[in-house]
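Colleague: pasting the structure only:
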RNA sequence: GGCCCUAUCGUCUAGUGGCUUAGGACGCAUGGUUCUCAUCCAUGUAACAGGGGUUCGACUCCCCUUGGGGCCGCCA
């Protein structure tokens, strides 16, 4: 065995954990576990404007809820940390200075409006935009002068004009022409790295062996390889996963429905359903087995069985799977996980006073009728609907009348016919 | 538009040159079980994008077309 297998998930805390990110995390986790490797969580918060600690908390909480556990991360530390990019600035600065010193990177003083105009022009004549290299030949003196004058700048990579070829574990050989990429940006300044640069440094320092990520990163790969080569870093293995698509066949986004894992949780989807479902979005064991728990996924997972084409997110299939897992639960367990919904709906409240007289056995008070019921009664109610529940949140509308003082219904419903 | 990826039932997919009258699941339809609904069971519905090659033989290999997607940021 060569080096240890190390994978990572690197979400940016600019939103709640997205189902696409969760699925990528799952595949990274499965691949690492399958190969006795390590799985790392790294928070990519270089964009201070948009990053928020509340999102980092949501990401961590959601990942844990799904049962995806990391060996190293911002919350638990590790030997190759820190695991939050905002705490790794000195590393980036070090390599940035190295590239600058070796003239593999340079300061660019072009204004944003100017570049924007170029971009629009390039698109209009049917070309993909890349920086024209205007500042590439500035002398050290000129740069020093412009900086001292307070002219704003960014740091660009001096990209060699060559073909970049790499092997994708899922797609095979892929080639890009770096001449078409141009001198791309590395950092806003020594202390503000940009994505493509920070990723390369982090993956190297964290000894990531396999970069498993969404297909939307395919075009970033040659840039990252170029930086690796300039710095003399080894190249990790790459595997680009097919994207999860919305009903309109485009990358799943908020516009098309629910994307946050925490929202699925809130709606009453079980983590085992979500994990089983996400695993089968782009992967299958090659057999007819469809029900998989996390341990069995770890056992059977392999990148060779990953699909190449995007997969449309089918909520009906998730619901059916969720119904299946709900039916598998014991009534006791199901009642327990339905509590929060019943309480939030204002149907019941835990009745502590009464509990004392019943030797600690849990009792509940139906808020509207003031009636006190035992846990076993609640279990009977839940059991009544276990078979038809597609998600936990439905328990409230289904059991609604058990908890109402007066029933309200349309008198017409009592008529025969129609 | 340029670059890159991709293409089996409506959807997720099996299929790695002959075993295939293309299999499974979801959905949908019908029937059975059931006091209703649901569950469960049975049956049915429905696909290899098109065109060229290669081969004795292509869903499977190659090319083209077409379709779909991603990227083209001083976001990640």
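Modeller: Received the coordinates, thanks. If you're wondering where the values come from, they're calculated on a predicted model, not measured in any experiment.
Colleague: C-alpha from now on. contacts and neighbour counts both.
Modeller: Noted.
Colleague: flag every residue of the stretch 201-350 of chain A that's near RNA strand B.
Modeller: Proximity of the stretch 201-350 of chain A to RNA strand B is assessed by CA under 7 Å from any atom of the strand, with A:215-220, A:243, A:248-251, A:280-284, A:286-290, A:305-314, A:316-317, A:320, A:324 identified as the residues in range.
Colleague: show me the contacts for residue A:126.
Modeller: If you count contacts by CA atoms under 8 Å, 6 or more residues apart in numbering, residue A:126 has none.
Colleague: does it belong to a helix, a strand or coil?
Modeller: Secondary structure assignment for residue A:126 (DSSP: H, G, I helix; E, B strand; the rest coil): coil.
Colleague: what's the spacing between the residue of chain A found nearest RNA strand B and residue A:92?
Modeller: Nearest to RNA strand B, among the residues of chain A, is residue A:126, at 2.4 Å (CA to the nearest atom of the strand). Taking CA to CA, to the nearest Å as the measure, residue A:126 falls 35 Å from residue A:92.
Colleague: can you get me a residue count around residue A:137?
Modeller: Residues lying near residue A:137 (other CA atoms under 10 Å) number 12.
Colleague: do the same with residue A:405
Modeller: With other CA under 10 Å as criterion, residue A:405 counts 12.
Colleague: relative to residue A:343, how far out is residue A:323?
Modeller: 22 Å.
Colleague: about what we covered before: pLDDT wise, what is the residue of chain A closest to RNA strand B at?
Modeller: Predicted confidence (pLDDT) at residue A:126: the value is 79.
Colleague: residue contacts, residue A:403?
Modeller: Contacts for residue A:403 were tallied using CA under 8 Å, 6+ apart; they are A:347, A:348, A:366, A:367, A:368, A:369.
Colleague: swap in residue A:178?
Modeller: Residues counted as contacts of residue A:178 (CA under 8 Å, 6+ apart) are A:159, A:160, A:161, A:162, A:163, A:164, A:222, A:223.
Colleague: in strands, which of those residues fall?
Modeller: Helix and strand membership here follows DSSP state E; of those, those in strands are A:163, A:164.
Colleague: just the buried ones from the contacts of residue A:178, in ChimeraX syntax?
Modeller: Entered in ChimeraX, the line below selects the buried ones among the contacts of residue A:178, by 16 or more other CA atoms under 10 Å:
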select /A:159,160,164,222,223
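Colleague: ok, so of the contacts of residue A:178, who is nearest residue A:5?
Modeller: Nearest to residue A:5 out of the contacts of residue A:178 is residue A:222 (CA to CA; 22.0 Å).
Colleague: you'd agree the closest one is up against residue A:176?
Modeller: Yes. Contact between residue A:222 and residue A:176 holds when scored by CA atoms under 8 Å: they sit 6.7 Å apart.
Colleague: common neighbours of the two, please.
Modeller: Between them, residue A:222 and residue A:176 share these contacting residues under CA under 8 Å, 6+ apart: A:164, A:165.
Colleague: which residues of the stretch 1-150 of chain A lie near RNA strand B?
Modeller: Counting by CA under 7 Å from any atom of the strand, the residues of the stretch 1-150 of chain A near RNA strand B are A:11-12, A:44-47, A:109-112, A:115, A:119, A:123, A:125-130.
Colleague: tally of neighbours for residue A:229?
Modeller: Residues contacting residue A:229 under the criterion other CA under 10 Å number 12.
Colleague: element containing it, please.
Modeller: Residue A:229 is located in helix A:221-231, with elements delineated by DSSP states H and E.
Colleague: top of the contacts of residue A:403 by number of neighbours, please.
Modeller: Neighbour counts for the contacts of residue A:403 were taken using other CA under 10 Å; the highest belongs to residue A:348, with 24 neighbours.
Colleague: show the pLDDT at that one.
Modeller: 90.
Colleague: now the residue nearest to it when sequence neighbours are not counted: phi and psi?
Modeller: Distances taken as CA to CA, 6 or more residues apart in numbering place residue A:366 nearest to residue A:348, at 4.5 Å, with adjacent residues excluded. Backbone torsions for residue A:366, taken as degrees, to the nearest 10, come to phi -80, psi 120.
Colleague: residue A:366 and residue A:373 touch, don't they?
Modeller: Yes. Using CA under 8 Å, residue A:366 and residue A:373 qualify as a contacting pair, with a distance of 7.5 Å.
Colleague: re the thing from before, among the residues of the stretch 201-350 of chain A next to RNA strand B, name the buried ones.
Modeller: Among those, those that count as buried by neighbour count (16+ other CA under 10 Å) are A:215, A:218, A:243, A:251, A:280-284, A:306-307, A:310-313, A:324.
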